[in-house]
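> Task: produce atomic coordinates for the following.
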Amino acid sequence: MTALVALDGVCKRFGRNTVLQDVSLEVAPGSIHAVVGENGAGKSTLMNILSGLHQPDGGRLLLDGEAIQLKGPQDAIERGISSVHQELSLFPNRTIAENIMVRREPSHYGFVKRAELEARAREALLRIGSALDPTQPLSRLGIGEQQVVEIARALERRARVLILDEPTAALTDHDAKRLLDVLRDLRAKGTAVLYVSHRLAEVLSIADTISVLRDGRLVATLEAAHATEDGLVRLMVGRDLDPLAERIATAPGPDLLVASNLGRPPAFEGVSFSLRRGEVLGFAGLIGGRPHRGGARDLRRRRPRHGLDDARRRAVPAGLAARGDRQDLREPV
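Here you go, the predicted structure:
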């Protein structure tokens, strides 16, 4: 079967750093092709090239067997290549229909044809088996339902190739299962899906083909039916992993940090915890639950409105430091 979209010897450099080197892969219509690899292996760069965000420095991008050069994301969309990124690009203050039809609103003499807009959005949702009401505000939806809206928007744009980057990272098991069912249905209808995920069990359950990247190079492409989690891990890291060290129980020392009833509404409030010497304290939760907005990050970068006096000024002199995620670099203090 002729590949719907393919990379042929693609290379990409940023300055002196080569992030992709001679990568070739093919995605057939009606198939799910997964791409796995460690952080920094080049997965996101590869996705960005396919979605028109980056231009390759070498090699070719082919669509329906013909070499193309994408001028940008809009050019990719017009050619039938749509992406759903881990960070959703939706507008919570607009309706589901307005999000699905953004930049494609039907109009007459400058006035949006509301009935047609909502009908087309409803049709896109029905294509993936969703009964969401397109007239309700997006802000009422959970993360899993917002993912469905992103996919419906891609389908309304007549996407033949759907690129998903860590689509289940922020989802509950129930929402993740629903999303995977949607992707299986799209595969049955002929859509080519390129799927990036760190969840290897999930990849093995849904993919037809798996490509493994390591240090910017394609090290293997194999049928999912013949792959195992251990085998994929060996390909990703280039060696057998040592057995996990046995956890040694130790008695924690005295309290080093105590927080009581921390609050910074609306982000969080009523947060209390203590951290003892020799102890690792973790904060966990779904995106939107804002577990990363409390604790050390706020002590380092923000002053809570109540619960800890002058925390930001005292944090570093007291020996408290924190390393956050990329959002630390973007979010204003």
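> pLDDT below threshold where in the protein?
Applying pLDDT under 70 to the chain picks out residues 1, 242-246, 266-267, 285-333.
> and with 50 instead?
Along the chain, the model assigns pLDDT under 50 to residues 288-301, 309-313, 324-333.
> now for the longest helix along it, which elements pack on it?
Ordering each helix of the chain by length in residues (DSSP state H) puts helix 173-188 first. Judged by 3 or more Cβ pairs under 8 Å, 6 or more residues apart in numbering; DSSP states H and E, the packing partners of helix 173-188 are strand 32-36, helix 143-156, strand 192-196, helix 200-206. C-beta coordinates here come from the backbone N, C-alpha and C atoms, glycine included.
> Dump those to CSV, plus mean neighbour count and distance to Val102.
Formatted as CSV, those follow (neighbours: other Cβ atoms under 10 Å; distance: least, Cβ to Cβ, whole Å):
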stretch, mean neighbour count, distance to Val102
strand 32-36, 25, 26
helix 143-156, 22, 7
strand 192-196, 23, 22
helix 200-206, 17, 28
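> and His174, how many neighbours?
His174: 9 surrounding residues under other Cβ atoms under 10 Å.
> Now do the contacts for the residue lying closest to it once chain neighbours are set aside.
Using Cβ to Cβ, 6 or more residues apart in numbering and skipping residues adjacent in sequence, the residue nearest His174 is Gly144, 7.6 Å away. Gly144 is in contact with Leu171, Thr172, His174, Asp175, Ala176, Arg178, Leu179, counting by Cβ atoms under 8 Å, 6 or more residues apart in numbering.
> quick one, helices of the chain?
Counting by DSSP H, the helices of the chain are 43-50, 73-78, 96-100, 114-127, 143-156, 173-188, 200-206, 229-237, 296-301, 311-315, 327-330.
> Relative to Leu222, which of those is closest?
helix 229-237 (8.4 Å; Cβ to Cβ).
> Just among the contacts of Gly144, which is most surrounded?
Neighbour max across the contacts of Gly144 (other Cβ under 10 Å) = Leu179, 23 neighbours.
> Next up, the contacts around that residue.
Contact partners of Leu179, counting by Cβ under 8 Å, 6+ apart, are Gly144, Gln147, Val148, Pro167, Thr168, Leu171.
> Thank you, goodbye.
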